[in-house]
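J.: Below are the sequence and a predicted model for it; my questions follow.
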Amino acid sequence: MKVTKHRDKILEALREWFRTHKQPPTLEELCVELGMKPSQKATVQKWLQSMRGIDVEWDDHVARSLRLLQEDFNQPEIEMSVKEIVRYLATGLVEWEKTDPKKRRQIPKALRLGMSGMYLKSLLQGDETAPSNLPEFFEWAASPVVNWSPAREIEHLSENVTLIEDGLVSDFATQWAVSGSDVERQVQEKVLEDVLLHCQREPNKLDDAYRGFRKLIITKPVLSYGEYRRFLSDSQLKPLREFLQQVYMDLVELAEEETYHFCPRCKYVKRKRPDGTYPCWNQWCDRLSTKKKLPPLPTISRKEAEKLKIVTPGVYRYGTLPGIYEIMLAEELSKLGIRVTLWPKIDRYDLLVEFSKKLRWAIDVKDWSYLDLDRLQTVNYQLETKETFVVFPDDRENNLRVKVVRQEIEPELKGVRLKLISEIIEQAKAILNKNKNHA
């Protein structure tokens, strides 16, 4: 079969595409990648036909099925940073976990890039701890990341974090996975961004609607059909009715089970493992449920599940989970008699805490497994408040070591201070007691 003179150009374009996209390109998208007009797709299709069975293959009548037969990606450059390598490894593991075990003959592209970069970085630095094959990698991934000596270049990296924990991708790896590697979840997350942008266009009118929407997906990720219909008709949420219809789906469409189990912490449906156990989609929930001895929620049958709605996995990951501690802190401060507003000015930050007109706090709550200076520096000091805090759960302190490292980090944050939830509550109590004594 004749190979066209355009072979190298097409292969280079496809390799570049697959570095940043999970789904294959359409013909129109490949045209753009090649620097051609989308209307020239017939020409590109003719070129691909001459390469079929040699370099590329696809399934007839199936959209986005174009694939490389030999994914001989260029090796990553030696100067790839350790952070980039860890992100590739984390992204590849997330993709691997979601792949049907019967289809795991090929290593995810991100994992291949990460392992290659890891090997080259180790070779350059004279380190002999890098795994050289897949079994060795999975064994290494279950041990602390800092066991790979180049990883010690990453500031504030706890000695406890791993990429795999208890046979599952760790919370640390999930946080480090490159955003957008999961197309389905990326689309679902986009709905949350659309809600935010929609409400920001009319902040005075939709501030309460946005607050109600956020609180609903956090506190009620699972709804009965009757509740769902009532929320669609609720006067506060009515401006966001269309978005509510996008973020909630039928439970039985998400998971086809005979029996459904739910997490006592986040209230989301659990997944079923091959061994018959039911862990939460978020392993941090399982750990806290055990630590805090949370009582299990009742299981339900498939017939009962047919009457339930549930937020999509992307909304659960990017909307429900991050908000659990935000709601908890708001409730704890409100119990003290302090005025607390969640997501003020359409989510400029998480909590506005008002002791008086002159004394107000702006708080961003971060449920992180790793203290990331780059991400912290995106938090802006709020000039209209007395203090701006980034607050972390006490449950994370063993890994984050906020009390130890904040003296080093805070000078880089332009006035933003780091606290644990318990410290914020104690500081609030101290202010209230001081005001009471001066009254």
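T.: Thanks, I have it.

J.: can you list the weak-confidence ranges in the protein?
T.: When residues are selected by pLDDT under 70, those of the chain lie in 1-5, 16, 19-22, 53-54, 70-80, 105, 178-189, 439.

J.: Please parse it into its domains.
T.: Taking automatic domain parsing as the reference, the chain has its domains at 7-68, 82-176, 185-317, 349-438.

J.: between these, which gets nearest to residue 326?
T.: Of all those, domain 349-438 sits nearest to residue 326, with 4.7 Å by C-beta to C-beta. Quick note: C-beta positions are derived from backbone N, CA and C, even for glycine.

J.: what's the span of stretch 217-226 from first residue to last?
T.: Across its full length, stretch 217-226 reaches 16 Å between end residues, using C-alpha to C-alpha, to the nearest Å.

J.: what distance separates it from the middle of the whole chain?
T.: The chain centroid and the centroid of stretch 217-226 are separated by 21 Å, computed with C-alpha atoms, centre = their mean, to the nearest Å.

J.: Which residues in it does the neighbour count mark as buried?
T.: For stretch 217-226, the neighbour count (16 or more other C-beta atoms under 10 Å) marks 217-218, 220-223 as buried.

J.: Do you have the strands of the stretch 151-300 of the chain handy? List them.
T.: 164-165, 168-169, 222-224, 248-250, 259-260, 300-301 (DSSP state E, counting those that start in this stretch).

J.: Next one: the nearest residue to residue 109 once chain neighbours are set aside relative to residue 11, how far apart?
T.: Spatial nearest neighbour of residue 109, excluding adjacent residues (C-beta to C-beta, 6 or more residues apart in numbering): residue 18 at 5.7 Å. The spacing between residue 18 and residue 11, counted by C-beta to C-beta, to the nearest Å, is 11 Å.

J.: again with residue 108
T.: With distances defined as C-beta to C-beta, the gap from residue 108 to residue 11 amounts to 19 Å.

J.: neighbour count winner among those two?
T.: Taking residue 108 and residue 11 together and counting by other C-beta atoms under 10 Å, residue 108 has the greater number of neighbours (21 against 16).

J.: Helix or strand: which one has the closest residue to that one other than its chain neighbours?
T.: Residue nearest to residue 108 in three dimensions, not counting chain neighbours: residue 95, with 4.0 Å by C-beta to C-beta, 6+ apart. With elements delineated by DSSP states H and E, residue 95 resides in helix 82-98, which encompasses its position.

J.: Check which helices and strands that helix is in contact with.
T.: For helix 82-98, the elements it packs on are helix 109-125, strand 168-169, helix 171-176, judged by 3 or more C-beta pairs under 8 Å, 6 or more residues apart in numbering; DSSP states H and E.

J.: CSV for these, including distance to residue 262 and mean neighbour count?
T.: Formatted as CSV, those follow (distance: least, C-beta to C-beta, whole Å; neighbours: other C-beta atoms under 10 Å):
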stretch, distance to residue 262, mean neighbour count
helix 109-125, 32, 20
strand 168-169, 18, 20
helix 171-176, 20, 22
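
J.: could I get these as CSV with distance to residue 49?
T.: Listed next are the helices and strands packed on helix 82-98 as CSV, based on distance: least, C-beta to C-beta, whole Å:
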stretch, distance to residue 49
helix 109-125, 25
strand 168-169, 39
helix 171-176, 40
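
J.: how about the ones you listed, which one is nearest residue 87?
T.: Distance to residue 87, taken as C-beta to C-beta, is lowest for helix 171-176 among those, at 5.4 Å.

J.: Run through who's touching that closest one.
T.: Taking C-beta atoms under 8 Å, 6 or more residues apart in numbering as the criterion, the residues outside helix 171-176 that touch it are 86-87, 89-91, 93-94, 145, 161-165, 282-284, 368-370.

J.: re the thing from before, let's have the domains of the chain in JSON lines, adding distance to residue 326.
T.: JSON lines is the format used below for the domains of the chain (distance: least, C-beta to C-beta, whole Å):
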{"stretch": "domain 7-68", "distance to residue 326": "30"}
{"stretch": "domain 82-176", "distance to residue 326": "17"}
{"stretch": "domain 185-317", "distance to residue 326": "7"}
{"stretch": "domain 349-438", "distance to residue 326": "5"}
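
J.: Which of these sits closest to residue 330?
T.: For these, distance to residue 330 was read as C-beta to C-beta. The smallest value, 5.7 Å, belongs to domain 349-438.

J.: distance between the ends of the closest one?
T.: With C-alpha to C-alpha as the measure, the first residue of domain 349-438 is 31 Å from its last.

J.: picking up where we left off before, give the residues shared as contacts by residue 18 and residue 11.
T.: By C-beta under 8 Å, 6+ apart, residue 18 and residue 11 have these common neighbours: residue 68.

J.: Distance of residue 36 relative to residue 337?
T.: 66 Å.

J.: Give me the more crowded residue out of those two.
T.: For the pair residue 36 and residue 337, the greater number of neighbours falls to residue 36 (15 against 9), based on other C-beta under 10 Å.

J.: residue contacts, the nearest residue to the more buried one once chain neighbours are set aside?
T.: Leaving out its chain neighbours, the residue that sits closest to residue 36 by C-beta to C-beta, 6+ apart is residue 44, at 6.9 Å. For residue 44, the set of contacting residues under the criterion of C-beta under 8 Å, 6+ apart consists of 10, 27, 30-31, 34, 36.

J.: My reading is that residue 44 lies in a helix. Confirm?
T.: Yes. When classified by DSSP: H, G, I helix; E, B strand; the rest coil, residue 44 is found to be part of a helix.

J.: and it, how far is that from residue 92?
T.: Counting by C-beta to C-beta, the gap between residue 44 and residue 92 amounts to 29 Å.

J.: what's the answer for residue 135, then?
T.: Using C-beta to C-beta, which is the criterion applied here, residue 135 is 15 Å from residue 92.

J.: more neighbours, the two?
T.: Relative neighbour count places residue 92 above the other of residue 135 and residue 92, with 26 against 9, counting by other C-beta under 10 Å.
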